[in-house]
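**Student:** Here is a sequence with its predicted model. Questions after.
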Amino acid sequence: MASAAALILSGAPCLAGPCTKAIDTAQAQVDARIEARAAAGPAGVESTGALLHHQPTPESLAAAEAKLGEGKKIDAALDALSHARKADQAGNSAACEKALTDVQHALGQ
């Protein structure tokens, strides 16, 4: 039984595409940028919901960031990363590389 499981697991296909490593590197750059912006970003006024100890929703966080003018470049980078992942899964290295270039442009690099 154990040998059957080992045989099945050893035959599992590798899911890495032509630019998976580059996507991982770009994701780390985006994550670092998000952390840096969160640490250094301007503070906003607490909402009534926050004062009543309600947990923020993704929509309320997005609205607060929009009021502060943050997030557009990060959103563009995350969108480009999504395109890169789709291209990578399809084995389209040219589209993946273009999407990764878009990530770098969104981050201002």
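**Tutor:** Received the coordinates, thanks.

**Student:** okay, now T48: neighbour count?
**Tutor:** A count of neighbours around T48, defined by other CB atoms under 10 Å, yields 7. C-beta here means a position set from N, CA and C on the backbone, and glycine is covered the same way.

**Student:** hey, where'd the helices end up in this protein?
**Tutor:** 2-10, 20-40, 48-51, 58-67, 72-89, 93-106 (DSSP state H).

**Student:** want to throw the ones you listed into a markdown table with mean pLDDT?
**Tutor:** What follows is those, written out as a markdown table (pLDDT from 0 to 100):
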| stretch | mean pLDDT |
| --- | --- |
| helix 2-10 | 46 |
| helix 20-40 | 89 |
| helix 48-51 | 74 |
| helix 58-67 | 71 |
| helix 72-89 | 93 |
| helix 93-106 | 97 |
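
**Student:** Any figure for the gap between S47 and R37?
**Tutor:** Note on S47: its distance to R37, by CB to CB, to the nearest Å, is 20 Å.

**Student:** if I look at the residue nearest the centre of the chain, how far off is L52?
**Tutor:** The centre of the chain sits closest to L78, judged by CA atoms, centre = their mean, with a distance of 4.5 Å. The gap separating L78 from L52 is 31 Å, by CB to CB.

**Student:** go on, V45?
**Tutor:** Counting by CB to CB, the gap from V45 to L52 is 14 Å.

**Student:** My read is that G49 contacts E59, right?
**Tutor:** No: G49 is beyond contact range of E59, at 11.5 Å (criterion: CB atoms under 8 Å).

**Student:** When the two are compared, which one has more neighbours?
**Tutor:** G49 (12 against 8).

**Student:** For the more buried one, give me its contacts.
**Tutor:** 56, 60 (CB atoms under 8 Å, 6 or more residues apart in numbering).

**Student:** swap the cut-off to 10 Å and go again
**Tutor:** 55-57, 60 (CB atoms under 10 Å, 6 or more residues apart in numbering).
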